[in-house]
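**Student:** Give me the fold of what follows.
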Amino acid sequence: MEKCDVLIISNESKEGRDFATYLEEIIKKQGYNLFVVYYESGRLGKEEKEKIDKAIETCKYLVIITVKGDKLPEECVKAIELKKRIIPCAYFPKEEYFYSYLYFFGHLEFSDKDELVKKVMTALNKIKEKENIPLEKNPDELLNRGLLLMKTEKFKDAIEEFEKALKIYKEIGDKSGEANCYGNLGICYERIGYDEKAIEYYEKALEIFKGIGDKSGEFKCYKNLIPIYFNLGSRFLYGKDLKAITYYNKALRLSQKAGDKNMEKECYSGLAKAYDNLGETEEAIEYYELALEISREIDEPEFTAGMYLLPLGVMYYTLKNYKKAIEYLEEAINIHDRGGMLAEHEVKQIYETLSDIYKELGDFEKAEEYEEKSKD
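**Tutor:** Next up, the predicted model:
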């Protein structure tokens, strides 16, 4: 294989190929020799493995293009062993960026091919300017090594690289680099199951991003913290203490700051279940109604029937507010009749509850009608 200056490793999807091809054309015009390898879902075929091994040995710079947070093949780790200069890039369409699951810190994010080219060329020039600095003393290089390891799911190895980078960033007073390291350490600890440690690092990153006015970094911290707090709330949901409520409230506040209406709705729903489990029905109703309000804005009507209307109807029945109970339960049945998503046992519960309500109201004819429907 002819020696290459730049090796591009890209996802083999249409988007990945389009980006790699365009980047290849532009970089070639700058006088670089290039080689491109494609991977699928974190895997390489036998032929591609041989190609990538040889290409990594001969290249000087490694440009990685991931699409929507996909995993890199393990063979990329060889670039770290051979001390290659790494440029990690990540594509997220603008319309989907808000809904990403995990937000990495410090890689080159782009939403179109021109942005990719601009950022890669800037990164190449920056690397060339600092090539006299040993890789082990360049925090940007260490950060990129950590990102590559993280994208191959070698989280413990990535932690080592991020900690080395963090030490240097602190020494030189680079707050942005410091925050990026804290954020990525949070991801690594979250992925290996240390939620409390992850929270600690995300919070450190968040504090710095706020201090330097980095709204993008701040947003990423919010979005990464929300599912941790939410999952902790769910973990303690059926306990008899207030842990679930504490965690759901933390997730709720962050969801509101991030403008994430879907997670705000889920947090209200979690709080409703937590209060219901503690026997505090009125508080549960308050949060279910807040969740329902958002659901009416952002969800299809069928989604609201079992998730919110049914529990609200049952809770109002226990409080003997029969008017509200009937209102919610009948709305749920109407949605179901139009093709809603109620399970068979949920439909049965609604009819049984409506039957009980009308018995309480003395309307035995109506009560019998719903009782018969519950048997169908």
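**Student:** Residue ranges in the stretch 101-250 of the chain under the pLDDT threshold?
**Tutor:** Residue ranges of the stretch 101-250 of the chain with pLDDT under 70: 101.
**Student:** let's see it at 80
**Tutor:** Across the stretch 101-250 of the chain, residues meeting the criterion (pLDDT under 80) sit at 101-102, 240.
**Student:** Which stretches in it count as strands?
**Tutor:** Per DSSP state E, counting those that start in this stretch, the stretch 101-250 of the chain carries strands over the ranges 108-110.
**Student:** now the helices for it?
**Tutor:** Assigned by DSSP state H, counting those that start in this stretch, the helices in the stretch 101-250 of the chain fall at 113-129, 139-151, 155-172, 175-191, 195-212, 215-235, 243-258.
**Student:** what does the second one contact?
**Tutor:** The contact list for helix 139-151 (CB atoms under 8 Å, 6 or more residues apart in numbering) reads 64, 66, 71-72, 76-77, 79-80, 85-88, 104, 106-107, 126-127, 130, 135-136, 155, 157-162, 164-166, 168-169, 172, 174, 177, 180-181, 184, 187-188. (C-beta placed from N, C-alpha, C; glycine too.)
**Student:** Output that helix as PDB - backbone C-alpha positions only.
**Tutor:** C-alpha atoms of helix 139-151 as PDB (Å, rounded to 0.1, in the frame of the first residue of the first chain):
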ATOM      1  CA  PRO A 139      -3.900  17.800  26.000                       C
ATOM      2  CA  ASP A 140      -5.800  18.100  22.800                       C
ATOM      3  CA  GLU A 141      -4.200  14.900  21.400                       C
ATOM      4  CA  LEU A 142      -4.900  13.100  24.700                       C
ATOM      5  CA  LEU A 143      -8.500  14.200  24.600                       C
ATOM      6  CA  ASN A 144      -8.900  12.900  21.000                       C
ATOM      7  CA  ARG A 145      -7.300   9.600  22.000                       C
ATOM      8  CA  GLY A 146      -9.900   9.400  24.800                       C
ATOM      9  CA  LEU A 147     -12.700  10.100  22.400                       C
ATOM     10  CA  LEU A 148     -11.500   7.300  20.000                       C
ATOM     11  CA  LEU A 149     -11.400   4.800  22.900                       C
ATOM     12  CA  MET A 150     -14.800   5.900  24.100                       C
ATOM     13  CA  LYS A 151     -16.300   5.500  20.600                       C
END
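**Student:** got the angle for that helix vs helix 155-172?
**Tutor:** Relative orientation of helix 139-151 and helix 155-172, computed by axes from the mean of the first three to the mean of the last three CA atoms, to 10 degrees: 160 degrees.
**Student:** Need phi/psi at the nearest residue to R43 once chain neighbours are set aside.
**Tutor:** Using CB to CB, 6 or more residues apart in numbering and skipping residues adjacent in sequence, the residue nearest R43 is P73, 5.9 Å away. In terms of degrees, to the nearest 10, the main-chain angles of P73 are phi -70, psi 150.
**Student:** which ones are touching P73?
**Tutor:** Contacts of P73 (CB under 8 Å, 6+ apart): 9, 39, 42-44, 52, 152.
**Student:** Neighbour-wise, which one of those leads?
**Tutor:** Neighbour counts for those (other CB atoms under 10 Å) peak at I9, which has 28 neighbours.
**Student:** Which strand or helix spans that one?
**Tutor:** Per DSSP states H and E, I9 falls inside strand 6-11.
**Student:** Output that strand in CSV with nothing but the alpha carbons.
**Tutor:** In CSV, the C-alpha atoms belonging to strand 6-11 read as follows (Å, rounded to 0.1, in the frame of the first residue of the first chain):
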residue,chain,number,x,y,z
VAL,A,6,-4.5,11.1,6.0
LEU,A,7,-6.6,8.0,6.7
ILE,A,8,-10.4,8.6,6.7
ILE,A,9,-12.4,6.0,8.5
SER,A,10,-16.2,6.5,8.0
ASN,A,11,-19.5,4.8,8.5
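**Student:** Give me the average confidence score over whichever strand or helix holds D356.
**Tutor:** According to DSSP H and E, D356 maps onto helix 344-360. Helix 344-360 shows a mean pLDDT of 95.
**Student:** Report the buried residues of it.
**Tutor:** 346-347, 349-351, 353-358 (16 or more other CB atoms under 10 Å).
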